[in-house]
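1. A structural model of the following input is requested.
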Amino acid sequence: MKHIAHGPGGPGVSPYERAKRRRHGLPNYRLCRYADDWCLTVSDTRAHAGALREEIAGVLATMGLRLSTEKTLITHIDEGLVFLGWRIQRHRKRGTGSTTSTSTRPRRPWPPSWPR
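-> Residues are numbered from 1 along each chain as shown. This is a model prediction of the structure:
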């Protein structure tokens, strides 16, 4: 994961560099890792996330590893996701007009309307 962590737009980039990349239409991302599980959040388009997924698959292939197609998910944060038993989803903050926050809570059983 060193390749991902030190890449352009990755977690090691300063806030100034993140803002500069955003102004130029380039993606930024964050990496959350626990043991062999990890979640990569990309702040840009689905196309950039897909391209990053292919780059990561190439890096993992050199180590003899592969991405699981069943576990690999590209989704919008408004739709949410489950990572290590926690539901992560963006919600509107109560009492504000447009400010949003990302909330995490322990996973509950999947309602039929939620994507898996």
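2. Quick check: residue 90 is in a helix.
-> No: going by DSSP: H, G, I helix; E, B strand; the rest coil, the assignment for residue 90 is strand, not a helix.
3. Return the residue of this protein that is most distant from the centre.
-> Among residues of the chain, the one most distant from the C-alpha centroid is residue 95; the distance is 27.2 Å, by CA atoms, centre = their mean.
4. How far away from the center of its chain is stretch 18-29?
-> Remark: stretch 18-29 is offset 15 Å from the chain centroid, using CA atoms, centre = their mean, to the nearest Å.
5. Stretch 66-86 too?
-> Mean-position distance between stretch 66-86 and its chain equals 8 Å (CA atoms, centre = their mean).
6. Just to be sure, the residue farthest from the centre of the chain is in a helix?
-> No: counting by three-state DSSP, residue 95 is not found in a helix; it is coil.
7. so what pLDDT did it get?
-> What the model reports as pLDDT for residue 95 is 73.
8. One more: residue 35?
-> On the pLDDT scale, residue 35 gets 79.
9. so where's the protein uncertain?
-> Within the chain, the stretches with pLDDT under 70 are 1-7, 11, 97-105, 107-116.
10. what about the residue minimising distance to the centre of the chain, distance to residue 9?
-> Centrality entry for the chain: nearest residue to the mean C-alpha point is residue 41, 1.8 Å, by CA atoms, centre = their mean. As defined by CB to CB, to the nearest Å, residue 41 lies at a distance of 11 Å from residue 9. Every residue, glycine included, has its C-beta placed from N, CA and C.
11. residues shared between the contacts of these two?
-> Counting by CB atoms under 8 Å, 6 or more residues apart in numbering, the residues touching both residue 41 and residue 9 are residue 29.
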